[in-house]
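*Asks:* Coordinates for the following, if possible.
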Amino acid sequence: MKAEHNRNIAFLLLGFIFLNISYLAMNYAATGTWHLQGYYAILMVLVNFIWGLVSWWEKKYDFARYKTFWHGLYVLAKTNLLMVYLTSLFIVLFGLTGFSRFHGFGTFSLLFVFESLLLWSVHSRFGLSVSGAVKKTKEDFVLNFSISLAAIDYVIFLLAIYLVNYLKYNNFILVGNGLQIFLYLTGLWLLTSEWTGKFKERFTKNIYYSLSPFIKSGVLMALTMALLVFAFGLFHYSRFYIFGTILLFISLEIPFYILFRIYRSESEEERDIESREEVLNIFRQEKLEPVKKKITEVKEPVKNKLQDIYLHDNPKLLHFIDKNVDTHNIDAGAAKVLDTHTFYNIRILENRSLDLFINLHRVNDFRRINEYFLEVHKKIVNSGYFIGCKTTVESHREQVYKRYPDYIAKIVCLLNFIFHRIFPKLPFLQKMYFVLSRGRNRILSKAELLGRLHFCGFKVLAVENVENHIYFIAQKLKTPSLDLNPSYGPLITLRRVGYRGQIIYIKKLRTMHPYAEYLQDYIFEKNHLAENGKFQNDFRVTEWGKVFRKLWIGELPQLINFVRGDVGLIGVRALSEHYFSLYPPDLQELRVQFKPGLIPPYYADMPHSFTEIVESERRYLENKQAHPFRTDLVYFFKVCNNIFFKKARSQ
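*Replies:* So this is what the prediction gives:
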């Protein structure tokens with residue numbers, strides 16, 4: 001301890017020497033002489049006093065307390081800035097207008113360089129990290145300065161002072177004493193922020209503890225300005241200007257900080273599970289056995305409890321379940337019926353303990369829907385059933401029209417659509433959406449709901465509208481999808497079969513609801529293919545998606561694939577693996593011998609059935625084998641004729 005104390009004294013003496021060398025060097029640079037003229041000698045004493053006061057207060061030469069070189073550099077920069085402010089404050093207060101700004105700012109800039117070199121040499125000698133790559137814990141964050149919060153807070157401060165200036169002078173330009181008041185308040189903002197530590201990260205659930213430094217800082221600014229006005233006779237300064245600025249500043253920064261705090265509380269731990277890597281992390285210890293029908297002795301059929309207790313007041317739902325699930329052969333002890341949106345009520349259930357899980361609470365109120373489905377997946381035995389519901393888009397619209405007149409309801413529905421459907425899909429607005437909504441009352445399409453279930457390892461057996469709620473019955477028949485990541489934003493990447501059978505990733509603008517790519521098997525089983533080779537009654541396509549498809553807007557991002565060489569200009573469509581599997585084996589082999597194309601032969605022949613599509617592509621590929629360039633040229637002009645003159649459009 002004594003050795004460390006002596007070392008700190010030595011550093012302090014070095015700092016004292018560096019300060020005075022810097023002061024004299026700047027004096028020589030400014031005047032051409034080492035001799036201190038006029039009040040420069042008095043100011044040198046003042047600078048030394050301020051340096052000693054700040055160094056003692058901040059313990060700036062106790063280098064052992066710095067965790068990294070960058071942490072120490074930050075403290076040195078902060079303390080030198082504080083000294084610049086205090087020196088400037090004395091100069092302005094005493095009207096020492098002849099003092100060289102180059103001299104003043106240069107002194108502390110040169111001192112910072114000397115101190116930085118000293119800090120570097122000390123840290124290098126004692127083997128301390130200079131990289132700053134230190135793993136932070138919650139305790140460490142208490143010491144850390146939030147630069148983003150400080151920057152935004154200062155912008156709020158500027159907004160407050162310019163608004164008050166406008167109210168007083170009807171002008172945003174700082175005139176008269178306004179500029180001096182601005183400098184005083186800026187310095188006080190810096191000092192009081194440091195004294196109260198209001199920009200340090202705090203992990204406290206008590207909002208009042210978090211807000212107290214902001215309130216204290218504002219009060220200290222007001223008291224200090226009052227003291228300065230009284231001590232130095234600055235009574236000609238406008239009290240409205242000074243205290244109005246501080247009051248407005250506090251009024252603006254407190255609600256901002258509350259929103260900032262909520263925003264920062266949305267940590268990575270609160271994100272939904274939306275990638276294969278996150279699913280793998282959840283199921284790392286889960287090795288699912290092959291699907292087997294669990295044979296158990298049924299002591300009391302769950303049908304009795306559903307009929308007499310749980311669903312006594314909802315006979316339509318009971319009838320829907322009876323049609324699709326054999327509730328006579330499920331024991332009541334292996335079934336659970338809840339009405340909850342709380343994860344705790346699901347997590348406490350034993351893994352693989354249930355044959356039937358019913359949650360009567362709508363999915364729309366779950367903040368992390370995928371995590372919820374994956375938790376249920378773990379609680380159900382293989383081939384077990386999961387029954388849940390969501391409110392329909394139509395019922396949401398009906399509620400709005402019942403509550404408001406038609407002209408207001410249209411505006412509300414539009415705003416709801418923007419907020420609940422567009423905001424969650426844009427990365428830069430998604431977090432704001434969940435901060436404001438907390439994930440409640442989300443508008444989910446039927447395609448997104450069923451797609452999420454398939455992504456999380458369920459097969460949807462039945463869907464039905466019961467009392468303005470869409471109820472689903474899903475069965476655990478597979479592991480969660482680990483082959484690809486779901487698409488959610490406006491620009492999507494689709495996994496497709498390309499040249500030589502290699503998987504390529506096609507870029508498109510979204511024309512389907514999120515998670516729709518997981519429903520190809522479901523749609524094919526339920527609806528099969530239409531005459532044009534696409535799925536019949538495909539509810540996965542959005543209304544704006546239909547417009548995009550007619551105008552080919554959704555295909556524009558494929559130009560990226562064209563430039564990258566994944567696709568050619570003319571060629572067969574790039575198909576999903578499921579759709580590709582529907583083709584005859586010989587055509588599959590023929591297809592992978594060529595690159596897919598931006599413009600398919602479909603628009604040249606305009607086939608009306610899947611069989612005709614197959615034959616159209618076969619003719620094109622066989623012709624291309626014999627005459628590659630000529631075939632593409634002929635098909636290009638045929639496509640142009642059909643599109644521009646015969647108005648051929650995508651469905």
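
*Asks:* How about the lengthiest strand in the chain, which residues are buried there?
*Replies:* Ranked by number of residues, the top strand in the chain under DSSP state E is strand 380-391. For strand 380-391, a neighbour-count test (16 or more other Cβ atoms under 10 Å) marks 380, 381, 382, 384, 385, 386, 387, 388, 389, 390, 391 as buried. (Each C-beta comes from the backbone N, C-alpha and C, glycine too.)

*Asks:* Who are the contact partners of the second one?
*Replies:* To tie it back to what came earlier, the one meant is residue 381. Neighbouring residues of residue 381 by Cβ atoms under 8 Å, 6 or more residues apart in numbering: 294, 334, 352, 353, 354, 355, 476.

*Asks:* how much space between the second one and residue 341?
*Replies:* Counting by Cβ to Cβ, to the nearest Å, the separation of residue 334 from residue 341 is 23 Å.

*Asks:* now swap in the fifth one and tell me
*Replies:* Distance, residue 354 to residue 341, by Cβ to Cβ: 18 Å.

*Asks:* In terms of neighbours, single out the busier of those two.
*Replies:* Taking other Cβ atoms under 10 Å, residue 354 and residue 341 do not tie; residue 354 has more neighbours (22 against 18).

*Asks:* The more buried one reaches residue 384, doesn't it?
*Replies:* Yes: counting by Cβ atoms under 8 Å, residue 354 sits close enough to residue 384 to count as a contact (5.9 Å).

*Asks:* okay, and the common contacts of these two?
*Replies:* Counting by Cβ under 8 Å, 6+ apart, residue 354 and residue 384 have no contacts in common.

*Asks:* Look up how far residue 471 lies from residue 463.
*Replies:* Distance, residue 463 to residue 471, using Cβ to Cβ: 7 Å.

*Asks:* What of residue 173?
*Replies:* 64 Å.

*Asks:* Show the pLDDT at the residue sitting nearest the centre point of the chain.
*Replies:* Nearest to the mean C-alpha position of the chain, by Cα atoms, centre = their mean, lies residue 431 at 4.5 Å. According to the prediction, residue 431 has pLDDT 71.

*Asks:* how far off strand 380-391 does the strand or helix carrying residue 376 point, in degrees?
*Replies:* Assigned by DSSP states H and E, residue 376 belongs to helix 369-379. In terms of direction (axes from the mean of the first three to the mean of the last three Cα atoms, to 10 degrees), helix 369-379 departs from strand 380-391 by 150 degrees.

*Asks:* got the contact list for the residue nearest to residue 442 when sequence neighbours are not counted?
*Replies:* Distance criterion Cβ to Cβ, 6 or more residues apart in numbering; nearest residue to residue 442, sequence neighbours excluded, is residue 364 at 4.8 Å. By Cβ under 8 Å, 6+ apart, the contact set of residue 364 is 390, 391, 440, 441, 442, 443, 444.

*Asks:* go again using 7 Å as the cut-off
*Replies:* Residue 364 is in contact with 390, 391, 441, 442, 444, counting by Cβ atoms under 7 Å, 6 or more residues apart in numbering.

*Asks:* Next: residue 240.
*Replies:* By Cβ under 7 Å, 6+ apart, the contact set of residue 240 is residue 168.

*Asks:* and the gap between it and residue 218?
*Replies:* As judged by Cβ to Cβ, residue 240 and residue 218 stand 16 Å apart.

*Asks:* I figured residue 404 was touching residue 410, is that so?
*Replies:* No: at 9.0 Å, residue 404 does not count as touching residue 410 under the criterion of Cβ atoms under 7 Å.

*Asks:* Show the contacting residues for residue 576.
*Replies:* Listed by Cβ under 7 Å, 6+ apart, the contact set of residue 576 reads 495, 496, 520.

*Asks:* swap the cut-off to 10 Å and go again
*Replies:* Shown in contact with residue 576 (Cβ atoms under 10 Å, 6 or more residues apart in numbering): 494, 495, 496, 497, 506, 517, 520, 582.

*Asks:* I'd like to know how far it sits from residue 495.
*Replies:* Noted for residue 576: a distance of 7 Å to residue 495, by Cβ to Cβ.
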